[in-house]
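Visitor: what follows is a predicted structure for the sequence shown.
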Amino acid sequence: MEFLPAIEQETRSNPDAAVIWLHGLGADGYDFAPIVPELNLPEDLGIRFIFPHAPSIPVTVNGGFVMPAWFDILEMDIDRKVDSEQLLVSAAAVGRLVDRECARGIDSRRIVLAGFSQGGAVAYHLSLSHPLPLGGLLALSTYFATSDSITLSEANRDLPIEIHHGVYDPVVPQALGIRAAEFLKDRGYSVDFRTYPMDHSVCPQQIGHIGAALERFLYR
């Protein structure tokens with residue numbers, strides 16, 4: 001079986017939890033790897049962080065330029081017209097990483113999905129449709145691109161979810177983060193929605209909240 005190429009970091013030997021963290025458009029797995037030491041996680045929390053690299057494909061809104069992307073973006077309006085078929089292909093590829101962690105001995109309930117921007121759209125779809133119960137979802141400056149078509153998994157009805165968004169985000173408007181949070185809350189999901197005085201990025205205060213969220217997800 002082929003797996004997406006990825007960077008791996010372990011907070012200690014023999015980890016019993018995993019975080020699969022997906023980058024945004026035009027970036028790669030190295031984008032968020034440097035954040036791990038800044039999360040201030042407890043020493044007894046053994047996590048394998050996995051930062052996959054998206055394949056390089058032409059991206060329509062960038063003039064067809066080839067770059068790392070989880071799916072093609074066809075229009076950049078508020079409704080974010082995307083290539084849903086490619087998104088599903090990427091979700092399946094990341095799902096194989098989840099399967100590999102289970103095969104390595106990690107309980108699915110101790111596997112967290114995180115995603116920034118375009119990577120978050122993939123994380124939304126995979127975590128909320130996965131047949132096994134997962135540990136949590138971190139949706140960072142992102143949008144729920146498949147909310148109209150997804151079949152929600154009963155196994156993840158109790159999935160803890162944190163949504164983070166910058167109030168000045170010019171790339172993915174805050175309204176899309178709010179829309180995703182309201183969609184999930186209306187269906188009974190537990191959602192914490194946090195905003196930060198930033199644009200399409202990550203800030204120090206947020207990094208602290210990410211670390212706290214991972215503790216909450218993995219110690220529950």
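Guide: Structure's in. What do you need?

Visitor: so who does Leu134 touch?
Guide: Val98, Ser108, Arg109, Ile111, Val112, Leu113, Ser127, Asn156, Leu159 (CB atoms under 8 Å, 6 or more residues apart in numbering). Where C-beta positions appear, they are placed from N, C-alpha and C, glycine not excepted.

Visitor: give me every residue that touches the residue nearest to the fourth one when sequence neighbours are not counted.
Guide: Spelled out, that is Ile111. Ranked by CB to CB, 6 or more residues apart in numbering and with sequence neighbours excluded, the top spatial neighbour of Ile111 is Ala18, at 4.8 Å. Neighbour list for Ala18: Ile47, Arg48, Phe49, Ile50, Glu101, Ile106, Arg110, Ile111, Val112 [criterion: CB under 8 Å, 6+ apart].

Visitor: and for His130?
Guide: Contact partners of His130, counting by CB under 8 Å, 6+ apart, are Gly95, Val98, Ser108, Ser153, Ala155, Asn156.

Visitor: swap in Tyr196?
Guide: Applying CB under 8 Å, 6+ apart, the residues contacting Tyr196 are His164, His165, Gly166, Val167, Cys203, Gln205, Gln206.

Visitor: go on, His53?
Guide: His53 sits in contact with Leu4, Pro5, Ala6, Ile7, His23, Asp28, Gly29, Pro68, where contact means CB under 8 Å, 6+ apart.

Visitor: thinking again about what came up before, so which of the contacts of Tyr196 are in strands?
Guide: Members of the contacts of Tyr196 lying in strands (criterion: DSSP state E): His164, His165, Gly166.

Visitor: the second one: what's it in contact with?
Guide: Going back to what we said before, that points to His165. His165 sits next to Leu140, Ser141, Val172, Gln174, Gly177, Ile178, Phe193, Arg194, Thr195, Tyr196 when contact means CB under 8 Å, 6+ apart.

Visitor: now do the spatially closest residue to Ser201 that is not a sequence neighbour: how many residues are near it, please.
Guide: Among residues not flanking Ser201 along the chain, Gly166 sits closest, at 6.6 Å (CB to CB, 6+ apart). Residues contacting Gly166 under the criterion other CB atoms under 10 Å number 23.

Visitor: beta-bridge partners for Gly166, please?
Guide: Beta-bridge partners recorded for Gly166 (DSSP bridges): Tyr196.

Visitor: do you know how far it is from Gln206?
Guide: Separation of Gly166 from Gln206 (CB to CB, to the nearest Å) stands at 9 Å.

Visitor: need the residues touching each of the two.
Guide: Tyr196, Met198.

Visitor: who's in contact with the residue nearest the centre of the chain?
Guide: Nearest to the mean C-alpha position of the chain, counting by CA atoms, centre = their mean, stands Gly115 at 2.2 Å. Residues near Gly115 by CB under 8 Å, 6+ apart: Trp21, Leu22, Ala121, Val122, Ala123, Tyr124, Leu138, Ala139, Leu140, Thr142.
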